[in-house]
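Asks: Kindly generate the corresponding structure for this input.
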Amino acid sequence: MAALFYRRLPRFNYLAPKTIREALKALAEYKDTAKLLAGGTDLIVQLKGIPKLDIISYSPRTGLKIGSLATVSALARSPVVGEHYPLLVEAALSMASPQVRNRGTFAGNICSAVPSADSAPSLMVLGAIVKIKGAAGERTVPMDRFFLGPRKTALSPDEMVTEIDVPKPVDQSRGVYLKLSPRHSMDLAIVGVAVAGVSEGGICKDVKIALGAVAPTPVRAPVAEDMLRDKKITRELIDEAARNAITQCSPIDDHRASLEYRCDMVYAMTKRALNQVFNP
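Replies: Residues are numbered from 1 along each chain as shown. Below you'll find the predicted structure:
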């Protein structure tokens, strides 16, 4: 997150007047090009911004574009995101505190590449693409190939994320993000589960399952997905698929939760999420 948000300031002249008279004299001399600096909480942020990287835009043809400086709060409040991608709003509102959401970005959250990143599972099940620019040009990486390890991504040292693109949702698709943590949005996820799917006449036409905080990187559960796809959805089949999702887990065993507990919660939360999406 730091690499994207806390950048070097542009070049400017800094004056440090010792009296009010000196300050007024400087303002008169520089006129509209001068700004008074007190605490700097608003001014410094404005100086650091790169234009157009904070966009959040939606097109029925191309889907959603999330600029790398779009904050978590801006995404959570966006009417188009709320209408077309409520799953992303759920994920956004589960992240950190309101103060952090006001400054933190979705792009920064994935670039930090922590296994518990709340944005990652939801973006993965929505088929998001990461747009990257560097000295050699521009390239794209699917979200489920972006994470290489704990705090390690597909970014080269001379590259940066400029945008996250999310395809237009399939008609009648539904999604949910469930997070287990001691204080919900104020704490790291112990387990995170995202599910997106679409069904017709009780038949699963497509489904994607992604898990967070239970492996070195956020991961998909492809075998569990295949168990459901093109099948009539029943509670028994959902239970079987949820148990299979555990096979994708290799969680740590620490003071926050044991390995066994995390695996049990993957089963319980995947089952709950699938039932909410497909409502058999």
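
Asks: quick one, phi psi at the spatially most central residue of the chain?
Replies: What sits nearest the mean C-alpha location of the chain, by CA atoms, centre = their mean, is residue 119, with 2.5 Å. The phi/psi pair for residue 119 (degrees, to the nearest 10) reads phi -70, psi -30.

Asks: which sections of this structure are below the confidence cut-off?
Replies: Residues of the chain that meet the criterion pLDDT under 70 lie in 1-9, 23, 36-50, 184-186.

Asks: Strands of that one, start to end?
Replies: Using DSSP state E, the strands found in the chain span residues 56-59, 63-67, 129-134, 137-142, 147-149, 152-153, 159-166, 174-180, 191-200, 203-212, 219-220.

Asks: And the closest residue to the residue nearest to the centre of the chain other than its chain neighbours, how far from residue 252?
Replies: Nearest residue to residue 119 in three dimensions, chain neighbours excluded: residue 109, at 4.4 Å (CB to CB, 6 or more residues apart in numbering). From N, CA and C alone the C-beta is placed, and that goes for glycine too. Taking CB to CB, to the nearest Å as the measure, residue 109 falls 20 Å from residue 252.

Asks: ok, the two, which is more surrounded?
Replies: residue 109 (21 against 15; other CB atoms under 10 Å).

Asks: tell me the contacts of the more buried one?
Replies: Contact partners of residue 109, counting by CB atoms under 8 Å, 6 or more residues apart in numbering, are 1, 72, 95, 117, 118, 119, 120.

Asks: follow-up on the earlier one: would you agree the residue nearest to the centre of the chain is in contact with residue 90?
Replies: No. Counting by CB atoms under 8 Å, residue 119 stays clear of residue 90, with 10.8 Å between them.

Asks: Show the residue spans covered by the helices in the stretch 1-150 of the chain.
Replies: Secondary structure of the stretch 1-150 of the chain (DSSP state H, counting those that start in this stretch): helices located at 2-5, 20-30, 43-48, 72-77, 79-84, 86-93, 98-103, 106-112, 119-125.

Asks: residues in contact with residue 217?
Replies: Contacts of residue 217 by CB under 8 Å, 6+ apart are 113, 115, 147, 148, 149, 150.

Asks: If the fifth one is in a bridge, with which residues?
Replies: Here residue 149 sits in beta bridges with residue 152, as judged by DSSP bridges.

Asks: That one and residue 218 touch, don't they?
Replies: No. Contact criterion CB under 8 Å: residue 149 and residue 218 do not qualify, at 11.5 Å.

Asks: Who has more neighbours out of these two?
Replies: residue 218 (29 against 10).

Asks: Buried residues, stretch 207-216. List them.
Replies: 207, 208, 209, 210, 211, 212, 213, 214, 215, 216 (16 or more other CB atoms under 10 Å).

Asks: for these, which one is nearest residue 125?
Replies: residue 208 (3.9 Å; CB to CB).
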